[in-house]
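Engineer: What would the 3D arrangement of this be:
(chains A, B, C and D)
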Protein chains: 2
Amino acid sequence: MDAYEFIKEAIILGKLEPGMRLGEETLAKELNLSRTPIREAIKQLEAEGLVIPLKRGVGVRRFTKEDIREIYDLRTLLESYAASQAAIHRTEDDLIALAKANELYEHSIEDTSHLDMKSVRRIVKVNQTFHEAIVAASKNSHLRFHISKVVVVPIVFRSFYWYNDFQLKQSLEVHKIIFEAIKNREPERARIAMHEHIFQGRDNVLRHLDDSEISHLLKEEVK
Amino acid sequence: MDAYEFIKEAIILGKLEPGMRLGEETLAKELNLSRTPIREAIKQLEAEGLVIPLKRGVGVRRFTKEDIREIYDLRTLLESYAASQAAIHRTEDDLIALAKANELYEHSIEDTSHLDMKSVRRIVKVNQTFHEAIVAASKNSHLRFHISKVVVVPIVFRSFYWYNDFQLKQSLEVHKIIFEAIKNREPERARIAMHEHIFQGRDNVLRHLDDSEISHLLKEEVK
DNA sequence: GGTTGACTATTTGTATACAAACGGATAAAT
DNA sequence: ATTTATCCGTTTGTATACAAATAGTCAACC
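Structural biologist: The predicted model follows:
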C-alpha cells in the first residue's frame, strides 16, 4: 500500500483527526519508508484540500459548518447534472451495474437491525457504489474527477452517521426512482430526483449541526 | 518563484508542450534547486490533472477533443451556477469589482486593432478577472476552488486563440447583461446569460476542432 | 507571580547519494 | 534484412545527511 492511499484512508476512517498534524517521521516509520515519498503523498493531499499547511508542516483539514453547506450545494449541482447526463448517455452495461449496486444497497439495509458503526460504514460504501455508477454512466470523466474530490468531504465529516433507518429506507426508494428515470431516458426526472435526494441529506446534516449536539467536533481551531 | 508556479506557468504559456516529458534534472538546474522540491511540485500538478504519469516520470497532459467537450460542459454548469449564486449573495464591493473588471475588458478590446498573440493574451487575462469576480461573489469557496481547476484546461488548450473580434465584442455585450442581472439580483437571468455565454465559447472551439485545421495539435500521442 | 529572553531539541525543507528501472543501441542469429 | 537478446547509459524512485526554522523550556528580571 502506498503512502497516499494509507494517509487518505487514515483521514477518512478518522484515525487522523481534524486539526491533527501529520508528522513526517512518524508516518515514515509506520509505513517503513523514508520521508521523501511521505512528503510527496502529503503534497497530493494538499492539492486536493484534505490537508492544509500549518505554520510548520501540514495538518488534517477541519471542515467548518460553512464548508459543509458549500460542499453539499456543490455536490447537489454536480451529481444532479451527472444523473441527467446518465439518463442520456447510459449503456445497457451501465444499467446492469446500476441495478446491481441498488440491489446491494437494499440488502445491506435489510440486513441491518440497528445502526452501529460497522453497519453504517458498510452502507456508506454500498451507497457510494450506486452514486459512482451513475457518475460513470454520465460519460464525463472530468465531471467524475471533480465529484470524487467533492464527495470525500462529507465522508471525512462523518455526515452519514447522523442518518436514522427511516431516512435510509427512504433513500432506497429515491434510488429506485433515479434508476427508473435513467433506464427510461428521462434526464429531467433523474436530475430532479437526484437533486431532492442529496438536498435531503444536506438538510439532515445541517439540522444536526444546528442542534449543536455534535458541535464539539468543530470547537478547536488549528493555529 | 517556486517550482509549482514556474512549471504551471510554463505549461500555460506553452513553453512546455503537451506530451512533453518533464525531466527533473533539467527543471532543477533551470530553477537552481535540487530534484526534491521539483518532484513535490510535479506531484501537485499531477493531482490537478495537468500532468500525467508516463511509463517513466511524467509529461504534460495532452487534452483531446473529447476532454475539451467535457470540460466545457462542466465549466458551463459550474459558472452558470456561480452566476446565479452571485446574483443572490453579491455585496456592493462585489459589484464594484465586477464593474471595474468589465470596464477593463471593454478598454482592452477597444485598444486592440487586430488580434496578435500579445493582445489575445491580455484579453484572456482581463476576461479571467471578470469571471473570477463573479465566482468570488457567489460566496462558495469550494465552487471557486473547482472552477479554478476546470478553467485552466481551455487556457492550456489555447481555446481563446480561435476567437475573432466580432465574437469578442459580442462577449462584452453578454458580460454587461450578466453584470446587470447580478446587480439587480436576478439569479435565473444571470444563470441563463452565463450559460449561453460559455456555451457560445464551447461551440466556437468545437467548430474549429471539427474544421481540423488545427488538428495537428492533437495528432501525436504520449506513449 | 508573570513576562521576557535565550538556549535547546525537534521537525521541516533542501541537497545529495545510492539503487532500481527503463530505453536505446549494438550485435548475433534466423 | 529483420528480429531478438544483452549490455550500458540515463533517469527516476528512495534513503539519508545536512541546514534552517519553529516551539518548548528554563531561568532571570521586572
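Engineer: For DNA strand C, see how far away A:Ile147 is.
Structural biologist: If you measure A:Ile147 against DNA strand C using CB to the nearest atom of the strand, to the nearest Å, the figure is 30 Å. Yep, even glycine has a C-beta here, placed from its N, CA and C like the rest.
Engineer: same deal with A:Leu33?
Structural biologist: Computed with CB to the nearest atom of the strand, the distance linking A:Leu33 and DNA strand C is 13 Å.
Engineer: what about the closest residue to that residue other than its chain neighbours, how many neighbours?
Structural biologist: If you skip the residues right next to it in sequence, A:Leu33 has A:Ala3 as its closest partner in space, 6.3 Å away by CB to CB, 6 or more residues apart in numbering or on different chains. Using other CB atoms under 10 Å in any protein chain shown, A:Ala3 has 21 other residues around it.
Engineer: cool, and the one 3 residues further on?
Structural biologist: Taking other CB under 10 Å as the criterion, the count of residues near A:Phe6 is 16.
Engineer: Now do the phi/psi pair for it.
Structural biologist: Comment: the main-chain dihedrals of A:Phe6 come out as phi -60, psi -50, following degrees, to the nearest 10.
Engineer: show me what contacts it?
Structural biologist: With contacts defined as CB atoms under 8 Å, 6 or more residues apart in numbering or on different chains, the neighbours of A:Phe6 are A:Leu27, A:Leu31, A:Ala41.
Engineer: The first one: which element?
Structural biologist: When you say that, I think you mean A:Leu27. Taking DSSP states H and E as the criterion, the element that holds A:Leu27 is helix A:24-31.
Engineer: Report the buried residues of the helix or strand that comes right after that helix.
Structural biologist: Using DSSP H and E, the helix or strand that directly follows helix A:24-31 along the chain is helix A:35-48. For helix A:35-48, the neighbour count (16 or more other CB atoms under 10 Å in any protein chain shown) marks A:Pro37, A:Ile38, A:Arg39, A:Glu40, A:Ala41, A:Ile42, A:Lys43, A:Gln44, A:Leu45, A:Glu46, A:Ala47, A:Glu48 as buried.
Engineer: before we move on, what about stretch A:186-197?
Structural biologist: Along stretch A:186-197, the positions that meet the burial threshold by neighbour count (16+ other CB under 10 Å) are A:Glu186, A:Pro187, A:Arg189, A:Ala190, A:Arg191, A:Ile192, A:Ala193, A:Met194, A:His195, A:His197.
Engineer: Cross-check the contact I'm expecting between the second one and A:Tyr81.
Structural biologist: By that I understand A:Pro187. No: taking CB atoms under 8 Å as the definition, A:Pro187 is not a contact partner of A:Tyr81, at 9.6 Å.
Engineer: Could you measure from A:Gln200 over to DNA strand D?
Structural biologist: As for A:Gln200, its distance to DNA strand D is 42 Å (criterion: CB to the nearest atom of the strand).
Engineer: That residue: neighbour count?
Structural biologist: By the criterion of other CB under 10 Å, A:Gln200 has 14 neighbours.
Engineer: Please identify the helix or strand for it.
Structural biologist: Using DSSP H and E, A:Gln200 maps to helix A:187-211.
Engineer: Can you name every helix or strand that that helix contacts?
Structural biologist: helix A:65-89, helix A:165-183 (3 or more CB pairs under 8 Å, 6 or more residues apart in numbering or on different chains; DSSP states H and E).
Engineer: can I see the domain layout of chain A?
Structural biologist: What automatic domain parsing lists as the domains of chain A is A:3-60, A:65-213.
Engineer: what residues are up against the residue of chain A found nearest chain B?
Structural biologist: Nearest to chain B, among the residues of chain A, is A:Ala47, at 3.7 Å (CB to the nearest CB). By CB under 8 Å, 6+ apart, the residues touching A:Ala47 are B:Lys43, B:Gln44, B:Ala47, B:Glu48.
Engineer: ok, the nearest residue to it once chain neighbours are set aside to A:Phe145 distance?
Structural biologist: Take A:Ala47 and drop its neighbours on the chain: the residue closest to it by CB to CB, 6+ apart is B:Ala47, 3.7 Å away. B:Ala47 sits 10 Å away from A:Phe145 when distances are taken as CB to CB, to the nearest Å.
Engineer: same for the helix or strand hosting A:Phe130, what does it pack against?
Structural biologist: When elements are assigned from DSSP H and E, A:Phe130 belongs to helix A:117-137. In this structure, helix A:117-137 packs against helix A:65-89, helix A:92-110, helix A:141-156, helix A:165-183, with contacts taken as 3+ CB pairs under 8 Å, 6+ apart.
Engineer: Name the surrounding residues that touch that helix.
Structural biologist: Counting contacts by CB under 8 Å, 6+ apart, the residues outside helix A:117-137 that touch it are A:79, A:82-83, A:85-86, A:89-91, A:94, A:97-98, A:101-102, A:104-105, A:108-109, A:111-112, A:143-144, A:147, A:151, A:155, A:160-161, A:163, A:168, A:171, A:175, A:178, A:182, A:194.
Engineer: Can you name the residue of chain A that approaches DNA strand C most closely?
Structural biologist: Across chain A, the shortest distance to DNA strand C (CB to the nearest atom of the strand) belongs to A:Gly57, at 3.2 Å.
Engineer: Now do the same contact list for that residue.
Structural biologist: If you count contacts by CB under 8 Å, 6+ apart, A:Gly57 has them with A:Arg21, A:Leu22, A:Gly23, A:Glu24.
Engineer: Give me the buried subset of those.
Structural biologist: Among the contacts of A:Gly57, those buried by neighbour count (16+ other CB under 10 Å) are A:Arg21, A:Leu22, A:Glu24.
Engineer: follow-up on the earlier one: using TSV, lay out the buried residues of helix A:35-48 together with distance to DNA strand D and pLDDT.
Structural biologist: As requested, the buried residues of helix A:35-48 are arranged in TSV below (distance: CB to the nearest atom of the strand, whole Å; pLDDT from 0 to 100):
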residue	distance to DNA strand D	pLDDT
A:Pro37	4	97
A:Ile38	8	97
A:Arg39	9	97
A:Glu40	7	97
A:Ala41	9	97
A:Ile42	13	97
A:Lys43	12	97
A:Gln44	12	97
A:Leu45	16	97
A:Glu46	17	97
A:Ala47	16	96
A:Glu48	19	96
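Engineer: Now render the residues you listed as TSV, adding distance to DNA strand C.
Structural biologist: Formatted as TSV, the buried residues of helix A:35-48 follow (distance: CB to the nearest atom of the strand, whole Å):
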residue	distance to DNA strand C
A:Pro37	11
A:Ile38	9
A:Arg39	6
A:Glu40	10
A:Ala41	12
A:Ile42	8
A:Lys43	9
A:Gln44	14
A:Leu45	13
A:Glu46	10
A:Ala47	14
A:Glu48	17
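Engineer: Among those, which one lies nearest to B:Glu17?
Structural biologist: Set against B:Glu17, the nearest of these by CB to CB is A:Ala47 (22.8 Å).
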